[in-house]
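> missing the sequence, but the structure's below:
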């Protein structure tokens, strides 16, 4: 069996979306002739923890860990947040950002390049070079963000040029939604772009999660670029019948930062509760996961606070059950330059849930195309309040008639097992020609 070294920051017991993609690849890789070896930090800074993914990992898998130093205690001392966890994606749950927050962001963007995990790069290259001298592997994968993981792999590639390397981009680098919020100097911006180009042109194959990301990265001339989207694990789908909520529950499961704040939806819902007392009585807005202050404030200003249920975090298995019990699932696409190419892991679990989806994002983006292909729901543009109301009224009518459901057409192509086979085929292609 061939061996694959996987360099990842997020690993069990990390909660959130960042960990799921490679936990699921690791779960199925052996079935396609690849033995995974995971390299991850010994003492990482996770925004949440979730031990439920432990069941997916083979008991005898090799997990390599070394200590990491991250500057988050300095950040906490600066902001007076001792003992608090650090949220991903610039989530601010309690208040508007002050000057200290802005200063910390500027420091992060201009001095911690590409990210606060940069201090783990050189020690990791040294450790892995020594490990690989005694333990042969057939290929290496780095997955980011954080993109420091790619720089570790690039360091190994420089010392071991014949070792095939796949750089897996779960999200963009310089085109990610919060890149402009980093308050970069021209010099820092150039450095980010230079490192991004170095990774993309040094790896033997670049893997991205959407067709739009593929088109974006083609401009940087990678040797090879392959789309392997996120997906859903059939084993996570509840097989017993889940009773749907009695109320007209509209649920978003996952992080909702300021860039995902669906103002058009709150406006449409505000209009509907004002003009339809029955709808106001039936409506439940359920947000499960970290939510930015701007989101809760927009809900309050729209007069929807009495319809809101907020749950800070749920283990993955419980979140799946909430998905399948909800009447309608919300898919929020970041309002950013890369919006057309955003395909989150949560989206594919939504597809497999059997519940209809209402998305807010580009109607000509990758997510909209898949929604149409799978007959799973509707996508409304960021400022299209007319269609937002129209679709909500259609969904509500079907709810009243007890006919609200998801077509679930052609979703099998996005199963984690099928996607792992696609990854294994790429690995075989690279190693057969190495």
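Noted; the coordinates are in hand. Note that the coordinates shown come from a computational prediction; the quantities given were computed from them, not determined experimentally.
> quick check: mean pLDDT across stretch 136-155?
Averaging pLDDT along stretch 136-155 gives 98.
> How far off centre is it?
The chain centre lies 18 Å from the centre of stretch 136-155; the measure is C-alpha atoms, centre = their mean, to the nearest Å.
> okay but residue 298 is in contact with residue 264, surely?
No: counting by C-beta atoms under 8 Å, residue 298 stays clear of residue 264, with 10.6 Å between them. For glycine as for every other residue, the C-beta is placed from the backbone atoms N, C-alpha and C.
> SS state for residue 427?
Assigned by DSSP: H, G, I helix; E, B strand; the rest coil, the conformation of residue 427 is helix.
> Might you report the residue contacts of it?
The neighbourhood of residue 427, defined by C-beta atoms under 8 Å, 6 or more residues apart in numbering, consists of 2, 4, 34, 138, 139, 164, 166.
> Enumerate every residue touching the nearest residue to the fifth one once chain neighbours are set aside.
The reference is to residue 139. Spatial nearest neighbour of residue 139, chain neighbours left out: residue 164 (4.4 Å); criterion: C-beta to C-beta, 6 or more residues apart in numbering. Contacts for residue 164 were tallied using C-beta under 8 Å, 6+ apart; they are 138, 139, 140, 204, 205, 427, 430, 431, 434.
> got it, and residue 242?
For residue 242, the contact set (C-beta under 8 Å, 6+ apart) comprises 321, 324, 325.
> Verify the stated contact: the last one with residue 246.
No: between residue 325 and residue 246 there is no contact, the gap being 10.0 Å when judged by C-beta under 8 Å.
> Looking at those two, which one has more neighbours?
A count of neighbours by other C-beta atoms under 10 Å puts residue 325 above the other of residue 325 and residue 246, at 18 against 10.
> Next, the contact list for that one, please.
Contact analysis of residue 325 by C-beta under 8 Å, 6+ apart lists 242, 243, 244, 245, 249.
> What separation do you get for the fourth one and residue 161?
Read that as residue 245. Residue 245 sits 56 Å away from residue 161, going by C-beta to C-beta, to the nearest Å.
> higher neighbour count, the two?
Taking other C-beta under 10 Å, residue 245 and residue 161 do not tie; residue 245 has more neighbours (17 against 9).
> Could you list the residues in contact with the helix or strand harbouring residue 226?
Assigned by DSSP states H and E, residue 226 belongs to strand 225-227. Residues from elsewhere that reach strand 225-227 (C-beta under 8 Å, 6+ apart): 205-211, 213-214, 217-218, 422, 426.
> neighbours of residue 54, just the number please.
Using other C-beta under 10 Å as the criterion, the residues surrounding residue 54 number 11.
> before we move on, what about the one 5 residues further on?
Number of residues near residue 59 (other C-beta under 10 Å) recorded here: 5.
> so how far is residue 111 from it?
Taking C-beta to C-beta, one finds residue 59 at 41 Å from residue 111.
> Select the longest strand from the protein.
strand 34-41 (DSSP state E).
> Report the rounded mean pLDDT for that one.
Mean per-residue pLDDT for strand 34-41: 98.
> list the buried ones in whichever helix or strand comes after it?
Next helix or strand after strand 34-41 toward the C-terminus (DSSP H and E): strand 62-66. If you call a residue buried by 16 or more other C-beta atoms under 10 Å, then strand 62-66 has these buried ones: 64, 66.
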